[in-house]
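Engineer: please find the sequence and the predicted model below.
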Amino acid sequence: MSDIEVRTAEAAEFEAVQAVFGGAMMFDATPDDLGRQLFEPERTLVAVDGGEVIGTTRALTRELSVPGAVVDAAHVTGVGVRATHRRRGVMSSLIGRQLREVPEAIAVLWASESAIYGRFGYAGAAWGIGYEIELHRVGPTNERIRPGELGELTVDDALKELPPLLRRLQAQRPGVSGRSDLGWQKHLQDKPDERNGRLARQILVHRDEAGTIDGYALWRGKMNWTATGPANEVNLEELVAPDPTAYRALWQHLLTMDLSAKLSYGYAAVDEPLQQLVSTPTALDRRLNESLWLRITDVPRALQGRRYVVPINVVLDVTDDLIQSNTGHFHLTADGDTVTCERTDAPADLALSITELGAVYLGGRPLTEFAATGRVTEQTPGTLNQTTAAFGWPVAPASLEIF
Ligand SMILES: CC(C)(COP(=O)(O)OP(=O)(O)OC[C@H]1O[C@@H](n2cnc3c(N)ncnc32)[C@H](O)[C@@H]1OP(=O)(O)O)[C@@H](O)C(=O)NCCC(=O)NCCS
């Protein structure tokens, strides 16, 4: 590392940053206008060797739903190091500095490999479910959809109609990232060379009796004709339906598409209600995937940022090797919307590291899971179960997109 400088990126370095990340991930990262507009150089760190960018990490300014609230969260992406410079500590320098500098109290990311981020205090905070559904096995769905309830939108109309639905979902479910206007444009961009043989994206919407759009699905079809006949594929990219009728109608439509044999979807929640809508839930062929990794960068602000399902009054002994200000005893009290978290000299009830605190932050994993392996220790009898209950949340966290 001695010859390598780590510094904030400059606006003109967007192409270089893209090239390093694309090269590391092995995809064509040819920059486009929207990508350029979404680039935040002041929130990007580069590692430079002999004037050449050889490592990058970016933080995107976005909001995230957490239990009972929506907060700012650094959305970390673009982590890559040129293959010629790997295993020399470049990523460690970039990620360490980034975590110490981001102004948000939490950082989140999707990991390309599980083994990478634990060493920096990140923890898997949400699981996701991937479906590969063989449609003939799921059995009949009984929903009756009235004419006029379903329709399609153009991208221009979708840019106006869909954002409020995502915000409604954020109020229901933790783990959902917000999108700016530009972020929506990027999300709905449909470059022909990125379709992988699938058709153009369809923007399917459901309307309530008053004609108001109350749910949508983004999906693509792919024609397939086998020796035994039609076997088309439906690739669902996103389904947001905070309203139960819209949820049922959209799923029924997608599960009963003519000539189709398969439906795939990569962003279901572990408590996805879909299983109630089919006669054979095991035929959904669910796979548990890693989803959001989360790192708390500021303990008091992070813990005050969310809500707790039952009142809590606990002193946590937290250790953090990377961010010293997170190490110490913190007194957390919560009752409804009144939440306080302050440093204290009082004896601790529970001891844990920043990693376990990150893992339970979105309410998707219980503290007891970590107590079972000794990573959380109870100093005051009874506080483990109380704190586990308080940190839990009735709706499982789920992230809808890899950013
Ligand atoms: C992952 C990547 C960024 C690591 O960069 P790097 O500069 O080689 O990482 P470092 O040298 O700082 O490694 C720090 C530690 O992490 C370990 N590590 C790095 N990459 C790892 C991986 N993919 N799996 C497991 N451990 C890994 C190193 O062995 C090292 O461990 P040590 O301190 O015990 O020796 C780089 O290999 C890369 O660009 N990979 C392809 C793109 C990618 O996966 N990016 C992440 C996107 S989410």
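Structural biologist: Thanks, I have it.
Engineer: in the stretch 201-350 of the chain, what residue comes closest to the ligand?
Structural biologist: With CB to the nearest ligand atom, the shortest gap between the stretch 201-350 of the chain and the ligand falls at residue 293, namely 8.9 Å. Heads up, the C-betas are built off the backbone N, CA and C, glycines and all.
Engineer: for the strand or helix carrying that residue, give the mean pLDDT please.
Structural biologist: Element membership of residue 293, judged by DSSP states H and E, is strand 292-296. Mean pLDDT, strand 292-296: 98.
Engineer: remind me what whichever helix or strand comes after it packs against, helices and strands.
Structural biologist: Per DSSP H and E, the first helix or strand lying C-terminal to strand 292-296 is helix 299-305. With contacts defined as 3 or more CB pairs under 8 Å, 6 or more residues apart in numbering; DSSP states H and E, helix 299-305 has these neighbours: strand 328-335, strand 338-344, helix 354-360.
Engineer: direction included, what does the longest one pair up with?
Structural biologist: Paired strands of strand 328-335, with direction, are strand 312-319 (antiparallel), strand 338-344 (antiparallel) (DSSP bridges).
Engineer: so which residues on the chain come close to the ligand?
Structural biologist: With the criterion set to CB under 6 Å from any ligand atom, the chain comes near the ligand through 24-25, 79-81, 86-92, 111-113, 115-116.
Engineer: can you do 8 Å?
Structural biologist: Within the chain, the positions near the ligand by CB under 8 Å from any ligand atom are 21, 24-25, 55, 77-83, 85-95, 109-113, 115-117, 119.
Engineer: could you flag which of those are buried?
Structural biologist: Applying 16 or more other CB atoms under 10 Å to the residues of the chain next to the ligand, the neighbour count classes 21, 24, 55, 77-82, 85, 88, 90-91, 93-95, 109-111, 117 as buried.
Engineer: helices - which of these land there?
Structural biologist: Taking DSSP state H, the ones among those that sit in helices are 21, 24, 90-91, 93-95.
Engineer: need the max-distance pair from the residues you listed.
Structural biologist: Largest separation among these by CB to CB: 21 and 93, giving 16.5 Å.
Engineer: which residues of the protein score low on pLDDT?
Structural biologist: Scanning the chain with the threshold set as pLDDT under 70 gives 142.
Engineer: what's the domain layout of it?
Structural biologist: Listed domain ranges for the chain are 4-104, 129-290, 298-391 (source: automatic domain parsing).
Engineer: got JSON lines for the strands paired with strand 328-335, with distance to residue 31 and mean neighbour count too?
Structural biologist: JSON lines is the format used below for the strands paired with strand 328-335 (distance: least, CB to CB, whole Å; neighbours: other CB atoms under 10 Å):
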{"stretch": "strand 312-319", "distance to residue 31": "41", "mean neighbour count": "18"}
{"stretch": "strand 338-344", "distance to residue 31": "41", "mean neighbour count": "14"}
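Engineer: check contacts around residue 376.
Structural biologist: Residue 376 makes contact with 350-352, 356, 367-368, 370, 384 under the criterion CB atoms under 8 Å, 6 or more residues apart in numbering.
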